[in-house]
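*Asks:* I'd like to go over a predicted model; first the sequence, then the structure.
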Amino acid sequence: MISWLAKRVIQAVAVVLAMTVIVFIGVNVIGDPVAVLLPPDATQDERLRVIASFGLDRPLWEQYLSFLAGALRGDLGRSFVFSEPALSVILQRMPATLELAIAAMLLAVIVGVPLGLYAGVRPNSAGAKAVMAGSILGFSLPTFWVGLVMIMLFSVQLGWLPAGGRGETAEFLGVRWSFLTLDGLRHLALPALNLALFKISLVMRLVRAETREVVPQDYIRTARAKGLSEGSVIRTHVLKNTLIPVVTIVGLEFGSVIAFSVVTETIFSWPGMGKLIIDSIHLLDRPMIVAYLMVIVVLFVLINLIVDLLYTVLDPRVRLEN
């Protein structure tokens, strides 16, 4: 266990280090942030002063080494726009994005797993066919279009739910959360559902496929021959053996939901990291873009590590060393 964990930590550090090179160089060779930040009538002296204050007059390799030294101290640079540490600005927005991502993935699991299990156990029923047809719609409909339709229907026409914003929040463990208030939950409902639709379809189809593979196995027939009820067979044997690939997908998709919630956050004016990165790209705020991408890299690495650890909990036959 310890040797496996040590190897994974070394691999994680190597991945993060490689990504610092790719992200920093990729971001810093695109565009001219000074041209965006200064007015068109700015003098050459003003341009040179701003370039020097941002450290953009130094060679790229020197800028990277300075960034790497700061990153080891937890300093990912200072935002050009906010004039604050980029990591600090991102951490202020992170709870909103995490809240939205967790709500979306909970919806995906709570809705997708039972429906996928039902479609796998009764594949020829009318309900199973309707479920699979619905999953195709979930894959096919663009997120931005579904979000706009939701706003038009539930906010404009029916007036049931607010169209944007985070609503009223309450503090817990020093962080403001929307799900702790009724108004916050009303604001969370539409963006979470919009973000979850694709994931619900994905989990549903995955669980159905795994269930279809598990049901014909000998140990399922043995469990039924012992006189176990159908519900007990499904809960104890079928469901448990379909969870390993589901855990993998849910873990990876949770990272993707955090990283790519940009569209949903923009449509619903949700003040999270996705909306922040869009604004930063428009203004070519390089430190903010680099810091955001590095935070996402670290999150993906941690999520992969947690998923590997969960394998042994769900299936003792899986050994970490293997």
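*Replies:* Perfect, I can see it now. Predicted model, so just to flag it, every value in this text is computed and none were measured.

*Asks:* going forward, measure contacts between C-alpha atoms and count neighbours the same way
*Replies:* Will do.

*Asks:* give me the element the closest residue to residue 260 other than its chain neighbours is part of.
*Replies:* Among residues not flanking residue 260 along the chain, residue 274 sits closest, at 7.0 Å (Cα to Cα, 6 or more residues apart in numbering). Counting by DSSP states H and E, the secondary-structure element that holds residue 274 is helix 273-282.

*Asks:* got the angle for the following helix or strand past that helix vs helix 273-282?
*Replies:* Next helix or strand after helix 273-282 toward the C-terminus (DSSP H and E): helix 286-314. The directions of helix 286-314 and helix 273-282 differ by 150 degrees, with axes from the mean of the first three to the mean of the last three Cα atoms, to 10 degrees as the criterion.

*Asks:* elements contacting helix 286-314?
*Replies:* Using 3 or more Cα pairs under 8 Å, 6 or more residues apart in numbering; DSSP states H and E, the elements in contact with helix 286-314 are helix 2-28, helix 86-121, helix 239-259, helix 273-282.

*Asks:* now what about stretch 173-186, what contacts it?
*Replies:* With contact meaning Cα atoms under 8 Å, 6 or more residues apart in numbering, stretch 173-186 is reached by 95-96, 99, 161-162, 166-171, 187-188.

*Asks:* most neighbours out of the residues you listed, which is it?
*Replies:* residue 188 (27 neighbours; other Cα atoms under 10 Å).

*Asks:* now the element after the one helix or strand it maps to, going C-ward?
*Replies:* Here residue 188 sits within helix 182-214, counting by DSSP H and E. Proceeding N to C from helix 182-214, the next assigned helix or strand is helix 218-225, under DSSP H and E.

*Asks:* buried ones in that following helix?
*Replies:* 220, 223 (16 or more other Cα atoms under 10 Å).

*Asks:* for that helix, the averaged confidence score.
*Replies:* The pLDDT scores in helix 218-225 average 75.

*Asks:* please name every helix or strand in contact with the following helix or strand past it.
*Replies:* Using DSSP H and E, the next helix or strand after helix 218-225 towards the C-terminus is helix 230-233. On a contact count with 3+ Cα pairs under 8 Å, 6+ apart, helix 230-233 meets helix 218-225.

*Asks:* ok, and what's touching the helix it packs on?
*Replies:* Taking Cα under 8 Å, 6+ apart as the rule, helix 218-225 contacts 214, 230, 233, 237, 238.
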